[in-house]
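S.K.: Mind folding the following:
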Amino acid sequence: MSVRRRAPLPRAILSGENEGAFDHLPETVIANLRRANSENARLWNTFYPRPGFEIQLADLLSVTPLWGTRAEDPPKDRLQPYFWGFHPNGQRLEGLEEALEEIDGAGPRTEIDLILRGAANVVVIEAKNLSTLGRCGRYQRRACPEVHLTGDRWLERCRYWEEHTSRFDDRLDFGSRPGPGAPPPPCARHYQMARTLLVGEALARRHAASLHVWAILPQDRWPSIERSWLDFAGRVRDPEQWRRLRVVAWDDLRRG
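M.R.: Numbers count the residues shown, from 1 in each chain. Here you go, the predicted structure:
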């Protein structure tokens, strides 16, 4: 649910603090902007379109990634940024609500930090600073409807295994469907990136665009995240989609 600002934005926002997007962003996003080492502020300051500056996909792809393939002939596409689903001017990204409804249904919506939309490409980005890639909160609380809720406690089935429009295993090799007593399933470990991939694909399909899925993080955080990322990437079924996965360091991105 979008909310109106109740207090000034922090000085961590270097420019654009009067943009309309801040009148629509969830309070969780605004609260993160006020924290020390805010990844949200870092994201905004890196991608906020300064006067005379355009975000070109070819420029982003020219940055040497921490992980990913270099594009020999990168596509030329001018990208518009949508921070947490909103253009800086406050406009909601066309097709995003429909993509979220298709994948997430009536439950909590996947929150993608940044979406870059071009004429033929959509880039979805998960930004990290001190945190790690998100895992399934229900599984961690021992409330997974597939593994933990049985008998009188059975409430529902997980839509990412149940609904044909949003099944993880259509796009990711997560093995067999988990059940009571099963060991920790891959979907619990890769919950955030799996949902990001599914929503990104649903959105890119609506724009007839190619999907790129990226993570941005501090270079010194890569060793602690590398193993999880490699496991996630190795489970992506589509080879072409696998080639459009990337991990980029903040400092390298700024230099690029």
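S.K.: Show me where the stretch 101-250 of the chain has its helices.
M.R.: 137-140, 159-162, 186-189, 191-206, 222-234, 239-243, 250-255 (DSSP state H, counting those that start in this stretch).
S.K.: Helix or strand: which one has Pro8?
M.R.: Assigned by DSSP states H and E, Pro8 falls within no helix or strand.
S.K.: Wait, Gly16 touches Pro88, no?
M.R.: Yes. If you go by CB atoms under 8 Å, Gly16 and Pro88 touch, sitting 6.0 Å apart. Yep, even glycine has a C-beta here, placed from its N, CA and C like the rest.
S.K.: what touches both of the two?
M.R.: Common neighbours of Gly16 and Pro88 (criterion: CB atoms under 8 Å, 6 or more residues apart in numbering): Tyr48.
S.K.: Out of these two, name the residue with the larger neighbour count.
M.R.: Applying other CB atoms under 10 Å to Gly16 and Pro88 shows that Pro88 carries more neighbours, namely 19 against 16.
S.K.: need the contact list for the spatially closest residue to that one that is not a sequence neighbour.
M.R.: Spatial nearest neighbour of Pro88, excluding adjacent residues (CB to CB, 6 or more residues apart in numbering): Glu19 at 4.3 Å. Shown in contact with Glu19 (CB under 8 Å, 6+ apart): 88-90.
S.K.: measure Glu19 to Cys136 for me?
M.R.: Distance, Glu19 to Cys136, by CB to CB, to the nearest Å: 33 Å.
S.K.: Look at Ile216 and report its pLDDT.
M.R.: Looking at Ile216, its pLDDT reads 97.
S.K.: now swap in the one 3 residues further on and tell me
M.R.: You'll see Gln219 listed with a pLDDT of 95.
S.K.: Cross-check the contact I'm expecting between it and Asp251.
M.R.: Yes. With contact defined as CB under 8 Å, Gln219 and Asp251 form a contacting pair (6.3 Å).
S.K.: could I get the helices of the stretch 101-250 of the chain as CSV with distance to Arg34?
M.R.: Shown next, in CSV, are the helices of the stretch 101-250 of the chain (distance: least, CB to CB, whole Å):
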stretch, distance to Arg34
helix 137-140, 23
helix 159-162, 32
helix 186-189, 30
helix 191-206, 23
helix 222-234, 25
helix 239-243, 36
helix 250-255, 20
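S.K.: residues in contact with stretch 58-65?
M.R.: So stretch 58-65 is contacted by 70-71, 74-77, 79, 116, 123, 246-248, 252-253, 255-256 (CB under 8 Å, 6+ apart).
S.K.: cool, stretch 36-46 as well?
M.R.: With CB under 8 Å, 6+ apart, stretch 36-46 has contacts from 10, 12-16, 29, 32-33, 83, 113-114, 125, 127-131, 216, 250, 253-254.
S.K.: again, only this time at 10 Å
M.R.: 9-17, 19, 21-22, 25, 28-35, 81, 83-84, 88, 113-114, 125-131, 216-218, 250, 253-254 (CB atoms under 10 Å, 6 or more residues apart in numbering).
S.K.: Name the residues of it that come out as buried.
M.R.: 38-44 (16 or more other CB atoms under 10 Å).
S.K.: Can you give me every residue that contacts the nearest residue to Leu211 once chain neighbours are set aside?
M.R.: Leaving aside its chain neighbours, Leu211 sits nearest to Ala204 (3.9 Å; criterion: CB to CB, 6+ apart). Residues in contact with Ala204 (CB under 10 Å, 6+ apart) are 95, 99, 115, 117, 120-124, 210-213, 241.
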